[in-house]
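S.K.: no letters, just coordinates:
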């Protein structure tokens, strides 16, 4: 007869208490996270955009604050000698037991990992102590106590117009619509156009996520139309008009437009989710090319997004064989940038020192990257993932890259026979550097691509200005072109708030000596900016100059920058639309007159 080996009973009260304390810390975090997300509805209804911005910024720090609290509690409560390897193994097992029937188990596992890695040496970052793989399934974890993640409507029975009106009114926004009947008809017309000649089946249904997505000055209805075996995703933005009434601004059903709405270059949504995995599962059905890590991140659950991203990266390393090497493009003065050619991201390490003319520090650069993390990125700044103690397989590093890191950033690298440990790095989505994009377009005489690049470059700067961001170094090499041909800023070491800059006109020379002087004949303070000088560095190419002056000549005038700055100081928050202007209903109506 075969003997069955049963695991030893869990016996450590300390282990259980630690597990309970960590889960209590997570539950407090998620309770506050949801409360902040719920208040977004009130901010939207009242049009309190400043409060909405503050809430979105503050929510980003909730996670780290709760982790620090939890670590402090455990360090105060327990002596180091009591926290043996056996106790930590039991902590994980107790924690798994506590997650049965939990509604956010995947997030709670990530919180556990973060607390443990703050308390343990990295040698312990393996299966016995942390959740390298998920231990609790997120499939079908909704229960009778939680409201459904999405609602279902049946146009075949009630009619499309009636169903759309129910969708909007079920959100119970406490602000009147300017003309809901008109807007519903416009949405209905667009959706019917998206179906083309396809016959609507008896089972035709609309599935809509139960809570609104809030970001900046908009609220978004997210859903999909299911007709037979076809699915049609759609998003309906709701905005305030000038009379502080609500309008349905458009309906998005183009896959690229919806993808850009959920881009890594935008601020995180505020949305109340009892069961976040249910929302992620729904969003994956309409964004099948987006990895789960990105979807969790754009929902404001960026720490779990980081966790999933790292798991995906380890999996990619396992099933690839190419070599990690320096990223293409002009070498920067501040960062060593490298990439795995088969992986669509780049890794950035801050150098230990910086040659002239750079006047900065590592601490200041980290502050700039944190500023971007906390700021509204308006679709024009790449989100970054920040990691510590990342282990790379040594055989996958090129010797040239390793020599470069040893030379420029020796303080952040540790080596042994098997691994290269990078103590601190940023990871960003890989893009084509704009300078390379423009050079290739010019060489191939692709004037349309060249003009598009310049239009996008200027639009990116103007949208950053609207968000109170001055890029600092505006050279093309600091911008990238995404796979959707959008231009995005990604080099943050010199960014400043527009309101901290002093935009000036260059004074006229007083005499011939002034005119011939190698140095400025006028005083220049640290934050002085002279927009008319931008052309010297940006417009050496004749065609580039032609397109720039055609579309963005105002960027070379101090008046433009001063005017934008004054609007920000006056408290005006600009509208930045995450979709093209031509799809808006207001522009469609204007074009008919």
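M.R.: Alright, I've got the coordinates. Please read all numbers here as calculations on a predicted model, not as lab measurements.

S.K.: what comes into contact with stretch 18-28?
M.R.: Identification of contacts with stretch 18-28 by C-beta atoms under 8 Å, 6 or more residues apart in numbering yields 66-67, 69-70, 73-74, 77-78, 83, 87, 91-92, 94-95, 98-99, 104, 107-108, 111-112, 115. Quick note: C-beta positions are derived from backbone N, CA and C, even for glycine.

S.K.: what about the strands in the stretch 151-300 of the chain?
M.R.: 205-209, 213-215, 218-227, 230-240, 246-248 (DSSP state E, counting those that start in this stretch).

S.K.: which strands border the first one, and is each parallel or antiparallel?
M.R.: Which is strand 205-209. Using DSSP bridges, the strands paired with strand 205-209 in its sheet are strand 150-153 (antiparallel), strand 218-227 (antiparallel).

S.K.: what inclination does it have with respect to strand 230-240?
M.R.: Calculated by axes from the mean of the first three to the mean of the last three C-alpha atoms, to 10 degrees, strand 205-209 forms an angle of 50 degrees with strand 230-240.

S.K.: Provide the contact partners of strand 205-209 at residue level.
M.R.: Counting by C-beta under 8 Å, 6+ apart, 149-156, 163-164, 167, 221-226, 279, 282 sit against strand 205-209.

S.K.: got any ranges where the stretch 51-200 of the chain has weak pLDDT?
M.R.: 121-128, 143-145 (pLDDT under 70).

S.K.: where do the helices sit along it?
M.R.: 85-98, 105-119, 155-158, 160-169, 180-195 (DSSP state H, counting those that start in this stretch).

S.K.: nearest to residue 313, of these?
M.R.: Residue 313 lies closest, by C-beta to C-beta, to one member of the helices of the stretch 51-200 of the chain: helix 105-119, at 15.3 Å.

S.K.: packing partners of that closest one?
M.R.: Where contact means 3 or more C-beta pairs under 8 Å, 6 or more residues apart in numbering; DSSP states H and E, helix 105-119 is packed against helix 13-46, helix 49-77, helix 85-98, helix 276-286, helix 302-318.

S.K.: which of those is buried the deepest?
M.R.: Stretch with highest mean neighbour count among these: helix 276-286 (a mean of 21; mean count of other C-beta atoms under 10 Å).

S.K.: for that one, which helices and strands make contact with it?
M.R.: Using 3+ C-beta pairs under 8 Å, 6+ apart as the test, helix 276-286 ends up in contact with helix 105-119, strand 205-209, strand 218-227, strand 230-240, helix 292-298.

S.K.: where does residue 511 land on pLDDT?
M.R.: For residue 511, the pLDDT comes out at 79.

S.K.: quick one, phi psi at it?
M.R.: With angles defined as degrees, to the nearest 10, residue 511 sits at phi -160, psi -180.

S.K.: what separation do you get for it and residue 504?
M.R.: To residue 504, residue 511 is 20 Å away according to C-beta to C-beta, to the nearest Å.

S.K.: more neighbours: which of those two?
M.R.: Using other C-beta atoms under 10 Å, the more surrounded residue of residue 511 and residue 504 is residue 504, with 17 against 9.

S.K.: ok, that one - contacts?
M.R.: Each residue near residue 504 by C-beta under 8 Å, 6+ apart is listed here: 528, 529, 530, 558.

S.K.: ditto for residue 217
M.R.: Residues near residue 217 by C-beta under 8 Å, 6+ apart: 44, 47, 49, 52, 239, 240, 573, 575.

S.K.: so what's residue 577 up against?
M.R.: Taking C-beta under 8 Å, 6+ apart, we find residue 577 in contact with residue 584.

S.K.: what kind of secondary structure is it in?
M.R.: coil (DSSP: H, G, I helix; E, B strand; the rest coil).

S.K.: returning to what we had before: of all the helices and strands packed on helix 105-119, which one is nearest residue 120?
M.R.: Across those, residue 120 has its closest neighbour in helix 85-98 (7.3 Å, C-beta to C-beta).

S.K.: what packs against the closest one?
M.R.: Helices and strands touching helix 85-98, by 3+ C-beta pairs under 8 Å, 6+ apart, are helix 13-46, helix 105-119.

S.K.: hmm, who's touching it?
M.R.: Residues outside helix 85-98 that contact it (C-beta under 8 Å, 6+ apart): 10-12, 14-16, 18-20, 22-23, 108-109, 112, 116, 120, 124, 128-131, 135-136.

S.K.: what's the angle from that helix to helix 49-77?
M.R.: 140 degrees.

S.K.: okay, the angle between helix 85-98 and helix 13-46?
M.R.: Angular relation of helix 85-98 and helix 13-46 on a 0 to 180 degree scale: 50 degrees, by the same axes, to 10 degrees.

S.K.: and the angle for helix 85-98 with helix 105-119?
M.R.: Using the same axes, to 10 degrees, helix 85-98 lies at 160 degrees relative to helix 105-119.
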